[in-house]
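Participant: Quick check, what structure comes out for this input:
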Amino acid sequence: MYNFTDSKEERVPGQRRNRGFQKKQERNLMSIVVGLANMSAKQLGAVSHLLPPGTVEAIGIAAKLPRSNQGRKRQEQQVAKMMRGQVGEGALAKLEAAVALAEDNAGVWDDGDVSGRVLAWREGLLAGDEAVAAEVYGYPRAWAPDHQQLRAAVRQCQLAMEEEAKAAIASAPDASPGSSNDADDEEEDLTAVLAAAAARSRRGSGSSTGAAAPPKSRALLKSLTKMLKPLAMRVVAEADAKGASGADSDEAGEEEVA
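Facilitator: Sure thing, here's the model as predicted:
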């Protein structure tokens, strides 16, 4: 049974609690926790950045117990207590979506905020965007990949894409080496091919149909993506944590005004 003394909600004097709404919230939270405990390690890892410290380990303990075991239910309740008031509404919505996907056996959930940030960073770094570089290299070193390794990975991708672009231009059927505008045309074509290569990389490396990126650059782009993903997960997690604490502060402020 839900113990309202465990809730971190700030109560406004004179305001009656909506117990029905709170019970519904608690049922939803428990449903998410049960779903998390039923996930595979890979599925749980995909949402680990949305959970408070220690929660993944606590979920792992519950997952090892039989589903009908009372000890598992108590452990799941403990996980819910760890999450209560520590996970923002946005993160809860993501967790709910991830649980639904896992229950449908539809694979591993992808956090669009993380993948979108990784893509923007990757394209910005490859294009030499100084603002993007300042952002990526401006986070605490404890969050980020090794800066020297990251710069080397970016340069390797750039070189591979440039080589493939030049090879594509050289093998183009309408190439005309005698033209007086060759230098300008080559520069324009190189820019166009690099843009096309970046577009192919955005479609991911899971499909190998038609316009898939050449093998060398594809492998390097995948490696660069893997380097950037942990940083993106940390940034998204920190943003969610600030959102959750901000909501608590707003409630406290309303109580002071009252």
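
Participant: How about residue 47, nearest residue that isn't a chain neighbour?
Facilitator: Taking Cβ to Cβ, 6 or more residues apart in numbering as the measure, residue 47 lies nearest to residue 98, with 4.9 Å between them; neighbours along the chain are not counted. Just so you know, the C-beta spots here come from the backbone N, C-alpha and C atoms, and that holds for glycine as well.

Participant: And the contacts of the helix or strand where that neighbour lies?
Facilitator: Assigned by DSSP states H and E, residue 98 belongs to helix 89-103. With contact meaning Cβ atoms under 8 Å, 6 or more residues apart in numbering, helix 89-103 is reached by 28-29, 31-32, 35-36, 38-40, 43, 46-47, 50-51, 87, 107-109, 111, 240, 243-244, 247.

Participant: Mind checking which of those residues are buried?
Facilitator: By neighbour count, with 16 or more other Cβ atoms under 10 Å, the contacts of helix 89-103 hold 29, 32, 35-36, 38-39, 43, 46-47, 50-51, 87, 109, 111, 240, 244 as buried.

Participant: Which one of those residues is nearest to residue 228?
Facilitator: residue 111 (13.5 Å; Cβ to Cβ).

Participant: Quick check, the closest one in contact with residue 49.
Facilitator: Yes. Residue 111 lies in contact with residue 49 (Cβ atoms under 8 Å); the separation is 7.5 Å.

Participant: Can you pull the residues that touch both of the two?
Facilitator: Common neighbours of residue 111 and residue 49 (Cβ under 8 Å, 6+ apart) are 233, 236.

Participant: Could you pull up phi and psi at residue 235?
Facilitator: Residue 235 has phi and psi values of phi -60, psi -40 when expressed as degrees, to the nearest 10.
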